[in-house]
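*Asks:* one predicted model, sequence on top.
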Amino acid sequence: MLSNPKALRVRRAAALARKKERVAQARFLVEGPQAVRELLVHRPELAETVYATLGAVSWQHEIDRLASDAEVRLERVSDEVLAAVSETVHPQGVVAVARTWSTPVSEAVRGARLVAVLHEVRDPGNAGAVLRAADAAGADAVVFAGESIDPFHPKVVRSTTGSLFHLPVVVSGGLDELAGELRQAGLTLLAADVRGDDLLGARSEGVLAGAVAWIFGNEARGLSAQDRALADRSLKLPIFGAAESLNLATAASVILYETAFAQRRDA
């Protein structure tokens, strides 16, 4: 059992909480039994090492079997070592180190019908929740554009609860270049913006039934006029009650599902 929290490989793994180290090592952390399971089931080629405590927990045998089947190194560690590697206050008994990856935008969106673009989204919980909603709605890809948070940030990874490993996730540069690549793939660009047209009207017109890429902006500022100009159309969710607005993750979830419903209804 690995019991020394100051061991070099433990310190290297713990350092992956910082973006600089994730970039330098081309590795990231995957915490918790659900996320580690999804990694080993859906992207086992990315998994490098699984650190797990030894305890009478329901997931133990499955994680052990999946790691063995994928020929991934499994390290038994003490609670102190797991606490040193984990970024959470109450670790759930297992953390994996996985390799990061990079997918070209053109490859990820080729033939896509539904793409979610996060532009300048900074909150890891929001980013992870939108990625999870995109996965649930059957999106073909999620793009982190501009100065959005790193999709391999530990909090983003945790909040996706494994969806990070289910669909192409792309890190892109500026929205202007990205817009051209999305259009080249045959996607209509829709900006989610409170100054846009009513979503219900656009749905009635059949706009959502086609191949679309939704652009979601920064939590506080939304999308700039320049960003909105890059889209084919700006649309907003109607507010029927007294709420001033919806937060990014909730609004994105509704929009993505509305689009998924429209695309399947007319399929």
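*Replies:* The structure has been received and is ready for your questions. If you're wondering where the values come from, they're calculated on a predicted model, not measured in any experiment. Numbering: from 1, shown residues only.
*Asks:* now the nearest residue to A67 once chain neighbours are set aside, which residues is it bridged with?
*Replies:* Once flanking residues are discounted, A67 sits nearest to L74: 4.5 Å by C-beta to C-beta, 6 or more residues apart in numbering. (Each C-beta comes from the backbone N, C-alpha and C, glycine too.) The partner list for L74 in beta bridges (DSSP bridges) reads V50.
*Asks:* name the SS class of V36, please.
*Replies:* When classified by DSSP: H, G, I helix; E, B strand; the rest coil, V36 comes out as helix.
*Asks:* per-residue pLDDT, the residue lying closest to it once chain neighbours are set aside?
*Replies:* In this structure, V36 finds its nearest non-sequential neighbour in A96, 4.8 Å apart by C-beta to C-beta, 6+ apart. Here, the pLDDT recorded for A96 equals 97.
*Asks:* repeat for E87
*Replies:* Value for E87, per-residue pLDDT: 83.
*Asks:* mind listing what it touches?
*Replies:* A17, L29, E31, P154, K155 (C-beta atoms under 8 Å, 6 or more residues apart in numbering).
*Asks:* test my guess that the first one contacts L29.
*Replies:* Yes: with contact defined as C-beta atoms under 8 Å, A17 counts as touching L29 (6.8 Å).
*Asks:* those two - which one has more neighbours?
*Replies:* Taking neighbours as other C-beta atoms under 10 Å, A17 and L29 compare with L29 leading, 24 against 16.
*Asks:* counting neighbours, what do you get for the spatially closest residue to A112 that is not a sequence neighbour?
*Replies:* With sequence-adjacent residues excluded and distances taken as C-beta to C-beta, 6+ apart, A112 is closest to D140, at 3.7 Å. D140: 20 surrounding residues under other C-beta under 10 Å.
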